[in-house]
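**Q** one predicted model, sequence on top.
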4 protein chains.
Amino acid sequence: MSEDFVCPLDWRYGSKEMKELFSHENIIKRYAQVELALIQAFIKIGLTSEEDVENVKKAISTIKAIEVDELESKIGHDVMALAQLLTERSGDSGRFIHFGATSYDIVDTAYALIFRDALNIIKSKLVEVIKILASYSIKYKDTIMIGRTHGQHALPITLGFKFANYVYELARSYERVLDMEKRVIKGKMSGAVGTMAGWGRYAFEVEKNVMEILGLRPHEISTQIAPRDGHAEIISVLAILASQLDRLALEVRELMRPEILELAEGVGNRVGSSTMPHKENPVTAEKISGLAKVARALTLAELENIPLWHERDLTNSSSERIILSHQFLILDEMLNSTIELLRNLRIFEDNMKKNLELTKGVIMAESLMINLTLRGMKRSEAYRIAYDLAKKAKASNMDYYSVCKDDENIKKYFTDDELKEILNPYNYLGMYEQLIKRSLDYASKVIGEELNFN
Amino acid sequence: MSEDFVCPLDWRYGSKEMKELFSHENIIKRYAQVELALIQAFIKIGLTSEEDVENVKKAISTIKAIEVDELESKIGHDVMALAQLLTERSGDSGRFIHFGATSYDIVDTAYALIFRDALNIIKSKLVEVIKILASYSIKYKDTIMIGRTHGQHALPITLGFKFANYVYELARSYERVLDMEKRVIKGKMSGAVGTMAGWGRYAFEVEKNVMEILGLRPHEISTQIAPRDGHAEIISVLAILASQLDRLALEVRELMRPEILELAEGVGNRVGSSTMPHKENPVTAEKISGLAKVARALTLAELENIPLWHERDLTNSSSERIILSHQFLILDEMLNSTIELLRNLRIFEDNMKKNLELTKGVIMAESLMINLTLRGMKRSEAYRIAYDLAKKAKASNMDYYSVCKDDENIKKYFTDDELKEILNPYNYLGMYEQLIKRSLDYASKVIGEELNFN
Amino acid sequence: MSEDFVCPLDWRYGSKEMKELFSHENIIKRYAQVELALIQAFIKIGLTSEEDVENVKKAISTIKAIEVDELESKIGHDVMALAQLLTERSGDSGRFIHFGATSYDIVDTAYALIFRDALNIIKSKLVEVIKILASYSIKYKDTIMIGRTHGQHALPITLGFKFANYVYELARSYERVLDMEKRVIKGKMSGAVGTMAGWGRYAFEVEKNVMEILGLRPHEISTQIAPRDGHAEIISVLAILASQLDRLALEVRELMRPEILELAEGVGNRVGSSTMPHKENPVTAEKISGLAKVARALTLAELENIPLWHERDLTNSSSERIILSHQFLILDEMLNSTIELLRNLRIFEDNMKKNLELTKGVIMAESLMINLTLRGMKRSEAYRIAYDLAKKAKASNMDYYSVCKDDENIKKYFTDDELKEILNPYNYLGMYEQLIKRSLDYASKVIGEELNFN
Amino acid sequence: MSEDFVCPLDWRYGSKEMKELFSHENIIKRYAQVELALIQAFIKIGLTSEEDVENVKKAISTIKAIEVDELESKIGHDVMALAQLLTERSGDSGRFIHFGATSYDIVDTAYALIFRDALNIIKSKLVEVIKILASYSIKYKDTIMIGRTHGQHALPITLGFKFANYVYELARSYERVLDMEKRVIKGKMSGAVGTMAGWGRYAFEVEKNVMEILGLRPHEISTQIAPRDGHAEIISVLAILASQLDRLALEVRELMRPEILELAEGVGNRVGSSTMPHKENPVTAEKISGLAKVARALTLAELENIPLWHERDLTNSSSERIILSHQFLILDEMLNSTIELLRNLRIFEDNMKKNLELTKGVIMAESLMINLTLRGMKRSEAYRIAYDLAKKAKASNMDYYSVCKDDENIKKYFTDDELKEILNPYNYLGMYEQLIKRSLDYASKVIGEELNFN
């Protein structure tokens, strides 16, 4: 029976710490934590005592999710089932349990707590990814390689420069999470339609007390539930992050092709294929790309949860039971896998050099054009010349330099030494070093930690 | 620990029979079943014996999913882990285990078996839904009610006519499943890149034997895997069905509004709210609508699985572990819930009559226009007259008949008795009866079972 | 030919000002504006003169999109075609046109300008929506109506309170746009692979000059293109806003049902149906809900644009030609329609009162429970009593007060006057007034404009 | 003004024939065609004459979409505007225009006609794609190349075999379209709520006549509109096809990488980059992949159109104005581009051979394992041996054959000649030839045309 799971998040993917946050058991515990905060909030307005709080706390410690499920199966309401169990086990101290509250005061506030913890896990793993990438940016700062656009060779870059782009992109996601947190880590204690009617004149005090106990700020106003634009923001911000990790995984998968082999996922003693003994596959990177597809798709489901009816309908409930846990666990698995992928990444500098030379220098055509223009030619004319020479080089399978040096036009403009300098890719890396620095500085500022170890 | 699940499909939604199909344990069993079929297929070509088959069968019966997981965690490959365990436990009979096959020969063929069973469950529950709707179509054939477009009162229909539309729509989904099955319930036994190279000249015989044993037809050609357009078709066909069930649930949710109250979800002794003792909520219908959002979203993820690289990449694997099981279990839960919703549906014929009269007869304006036209007026002019009278009736809060009968224009065309007949909604139900019949006849033909019990 | 459009954004939806931003013609103009900024940026580093700038400016004024298209059809590259035309028409001043730049330096920087303008339009229309809603929040502050959850009557609220929720929700979207702008209104002037190699040691000065001229900040680092997480953020933030407007439109559509009729879209002399002269339909609200579906869906396409290959591939180009223009124009149309919908909104306070009383007082069951608890009863017991009385009232079709006042239990706790007060919905509106204020204060702060006109 | 478009479908993508189908002008023409069919249908039941039909036909020929728009802007209803214009211009013959019909009788029936034509275009272009692929399957039947899984070298295949997989996959899409057509090319002539009330006892005759005139079958039953599961099926079937074309384009883009260069998009004199004169980019293939993203996303929007309210709400209208035209035009552009891509495809057989040998023979490890097993070894043991030898070859950068021939184990089993045969990739192509035949036979049957030109 222990393997009787249908969801891979229950047996295969996700870290222990993230799973614990979204397990059925823990969600019930968080609900109970909010119910307890409410009992505690009542002390100051004279409805409950410290002793009541202690008794309810004890009652909570006895409750199992399965008991809540069983009672729910009878009465058809999960939070009500929990409240009823708590009341039964708290004796007289249970008198004010759930008093004035609606289920979603409990649910949405509990989820604000879960989101806070879950986003902390996400942020901390994301920082780890950024740090590894930043350290690689520095380590491979000067490792020259070809930059590729459209899958074709474009201009030289360095491996550190490539990594620094990911540092920047992922730091943007980190920043997005920070911006988002102020809108979504918010409690809700406002009763059945948001008016707080159940607590009479004490309402704001109840809200204030509960939020202080739990360390949350409240929504300014609400219906029965917290506004779902926040939930959709969480899911879409995570989907953006997932797609960025997908891009990084895709980079590795592509550069690991045997014809390219500039980067490779470390495979250790892992078997590649059940039938092809020679196979070594980037399965971790492929897992990352695969899960990103689900992360993207779930965005749609949560966007559909925004247009609920009036003071709320319940259609967000069943869908969010899947969406919320799955999106966080998928990201958690993706981040863990990315850390593993990066830590074990194999880097083939020799192949980078070899590939850089693969197209026999035509990648320096822009440099030639630039220098012709600087020497007085119209850029458009210079383009045409550099273009024709590149065509000629390719057609004759010759080196670009060889074709250029015999060209009458070129000779008029440059000495042979000049031409060599112009066509040397090492001279055409632009501001890569300063740009790496700019990226790392930005990321340092965003994550509040120094990344530039130089 | 038993509640340590994160996915609601593992503790809350889905039937036992469907869960069993998609449980980790069962999927491993199905893999083993295909491995066994392969061993059996080898008999005819002289590689294995009946005894080998028996021995492998015994070995299979000893294997637990968790053992496969443990071995996978060492060697990094699940099907390989299974094959290795089987080999170890089959003694000499294990010599040809997995011989010539690639993992996805096993995986995709096993899933074809799972799809067949899962689609049978879906079809059988869908037939159940259609049957209940068909019986209601007949039972409430003449129960008059208002037809609504844009949420506004349009023209009279009958409740049976309304249900018959759902019969037709859902029968179309049934037909879609049938059409689809011929493309997706197909095995794949073609080796690592689809050429069948491992089995030499016996390849087609191996394929034929395996398929006969399992009762499947093979794909005509394949890469390492079955083409994913089929999987995307499954997921999207189920998403269409989910959206149709959503439409039905939405119908109930809307008509259960207390201001309308023509239909209502039966709530029994279920509690409606944790804080509002009077609440009775359509939570089953809302669950259906909620899950439909996830079913729609998952379609996107599977569409992204079609453009895999070359002879395949692995990015479909992690995503399909979620998509396939979840889509079937979501639909399973939705169908079960729809059956429950329909069986316990409460029908308020009195309110239907009351609501029919709510707008004081202006809903018969079309009938007036039609009859004016038949008496010789231009339709456009008749429209204008019927429109002005409707405006007048609404402005003065009068009955349409009363406004009409005093109108000089109308008097010229109709006697009072004629006018009464024209404005009587019971006379303006059109071909509802024959259309119900047409719908049920179509559905009968599609599902191969007589639905018209009259 | 003038109606030979296939896209409704070209003949039906969207404002003139937004269309202008995304028209093919204007996009070319913006490209030219960035090319011009580059020529101007070169002055300070001694490559060009003010006169060159003037000549290029003149050349730009002569260029038509159709000419660019024609040249593109020959050479297969749109920005190249533009640069070529500009060069041809600028005489000697065209020597440095496009010098050192790659196409996407032009495209992505031009789009940053377009996004800035387009987001300003969005923000200004969103403020308009928020202002109308805020004014209604105040005007209808005390207009009592039933709050609805699950489509069922829950507890009383006020219409102003309902509107104030939308104020809060939409102000959150405004805030999201502000947070986003710092990541997405960023120029990119970094050459073919992002290293800025073409401008040699002047690179940062070129970037700085261009950005100052255009009033943009640059990306810290980039590949050939600006990172697409920013584009995905724009599209998803707009999809969230679209879904919020959908929620508001849905509110009107539902409350306009003739059985409810608390709000209604103003229809003026609009015809409701081509065949039913009496029809008045909320077609503007329905258009809003309809377009929201497309806005949600487009999010997925842009999320898929994040994982591009290496220093970029071109698959974002064709898709973004559709996604970007469509998402902004869809939102533009939705905001315009929402403004129109709200301005012409009809409000039926009498029906709100009538509906409030529809369920004969059982909506006050929570209030009864609260007061029983405050008088010493356990909340759970009080729930049960209030629940039984509600059931009794419903079963007997009696008024909740009448059922309660004869109940022995109730009599023990409350005098008849007390009971009347407890069951009076006007006494059970909680902190609605202060919550409206909180919402408006928050929104005021976010949009930087005072909304609380009291 | 002629370039004042915002949608690339209006100025850039899509064929003339498909654009014509979905242009605003043509859609109005199709509406008019259905109105005319209705007038004609009335002849047999004595309401109209042949002369009326002629007069209405003349009236139709005078009407421009822009006139309909102008009138719509006054009365707020497009079909009503058309009917009104037709009536005005038909004199007495216009008396029965739109008689008994609702707008969506016109709209949905017109779209059934458009779908029929549009699907014919799609099918015919799809057949063209399949034919080219089939001819390549035969032409390159024996062109050996490496099969790739996970982007890594797997086993040898042939180029013809690769193409034949696409033939099979695309033929499945063709079959899906055929299956779908029976559900979606259906007219609807059933009045405002589907009961046909407006035509009294002549209703079925009216429906029959209209359908015969237009060559359509009617829906068995309907609400005000045709059921939207059909529309969602169209959009998702096209999205599946789009994703398959994406897969083919991706194949070319990947194999065109300069390190691989087995296939390449023909670029003619097209310019690759505005700044890099040497660039040749697969921009057609990239356009295909880019548009596929939008095609996938639109699926979601149409799935959301299934759960409409009751007898319909209008939220499908605005969204479908975008979805339907865009999905067909996107597919049209993708198919055209695929045909162009395939026709100009460059094939580098030498590079295929070179790449096949790149990994120095380890790709034949499976063959070794198979043969060891056939000689009596347990498959699992054989796997281990072949695996170790592959590891050794890679570690020492030696040829697999060289490593094997010196291995004591191997020597025991095979002579040197045998080993050479075993490790010869030309001997390990399996049933590629027969599988190509199977694929082409299947496709021939599906499209009803012989594809196997041998």
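**A** Nice, I can see it.

**Q** where do the strands sit along chain A?
**A** Assigned by DSSP state E, chain A shows strands spanning A:144-149, A:152-158, A:186-187, A:217-218, A:263-264, A:346-347.

**Q** among those strands, which is the most enclosed?
**A** When the strands of chain A are scored by mean count of other Cβ atoms under 10 Å in any protein chain shown, the highest mean neighbour count falls to strand A:152-158 (a mean of 27). All C-beta atoms are positioned from the backbone trio N, CA, C, and that covers glycine.

**Q** re the thing from before, out of the strands of chain A, nearest to chain D?
**A** Smallest distance to chain D across the strands of chain A (Cβ to the nearest Cβ): 5.6 Å, for strand A:152-158.

**Q** so what strands line up beside the closest one?
**A** Partners of strand A:152-158 in the sheet, by DSSP bridges, are strand A:144-149 (antiparallel).

**Q** contact partners of the partner strand?
**A** By Cβ atoms under 8 Å, 6 or more residues apart in numbering or on different chains, the residues outside strand A:144-149 that reach it are A:153-159, A:162, A:262, A:352-353, A:355-356, A:358, A:363, A:425-426, A:429, C:192-195, C:223-224, C:309-314, D:273, D:279, D:281.

**Q** which of those fall within helices?
**A** Those of those mapping onto helices are A:Leu159, A:Lys162, A:Met352, A:Lys353, A:Asn355, A:Leu356, per DSSP state H.

**Q** hmm, back to that, what's the closest of the strands of chain A to D:Val167?
**A** The closest of the strands of chain A to D:Val167 is strand A:152-158. By Cβ to Cβ, the value is 28.2 Å.

**Q** which outside residues touch that closest one?
**A** A:140-148, A:355-356, A:358-359, A:363, A:366, A:425-426, A:428-429, A:432, C:191-195, C:197, C:224, C:311, D:256-258, D:272-273, D:276, D:279-282.

**Q** need the strands of chain A in CSV (columns: distance to B:Lys186).
**A** Converted to CSV, the strands of chain A look like this (distance: least, Cβ to Cβ, whole Å):
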stretch, distance to B:Lys186
strand A:144-149, 38
strand A:152-158, 38
strand A:186-187, 51
strand A:217-218, 56
strand A:263-264, 35
strand A:346-347, 39
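
**Q** which parts of the stretch 51-200 of chain A sit against chain D?
**A** Where the stretch 51-200 of chain A comes near chain D, counting by Cβ under 8 Å from any Cβ of the partner chain, the residues are A:Thr149, A:His150, A:Gly151, A:Gln152, A:His153, A:Ala154, A:Leu155.

**Q** export those residues as JSON lines, with columns for distance to A:Thr415 and pLDDT.
**A** As requested, those are exported to JSON lines (distance: Cβ to Cβ, whole Å; pLDDT from 0 to 100):
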{"residue": "A:Thr149", "distance to A:Thr415": "31", "pLDDT": "98"}
{"residue": "A:His150", "distance to A:Thr415": "34", "pLDDT": "97"}
{"residue": "A:Gly151", "distance to A:Thr415": "36", "pLDDT": "97"}
{"residue": "A:Gln152", "distance to A:Thr415": "31", "pLDDT": "97"}
{"residue": "A:His153", "distance to A:Thr415": "27", "pLDDT": "98"}
{"residue": "A:Ala154", "distance to A:Thr415": "27", "pLDDT": "97"}
{"residue": "A:Leu155", "distance to A:Thr415": "23", "pLDDT": "98"}
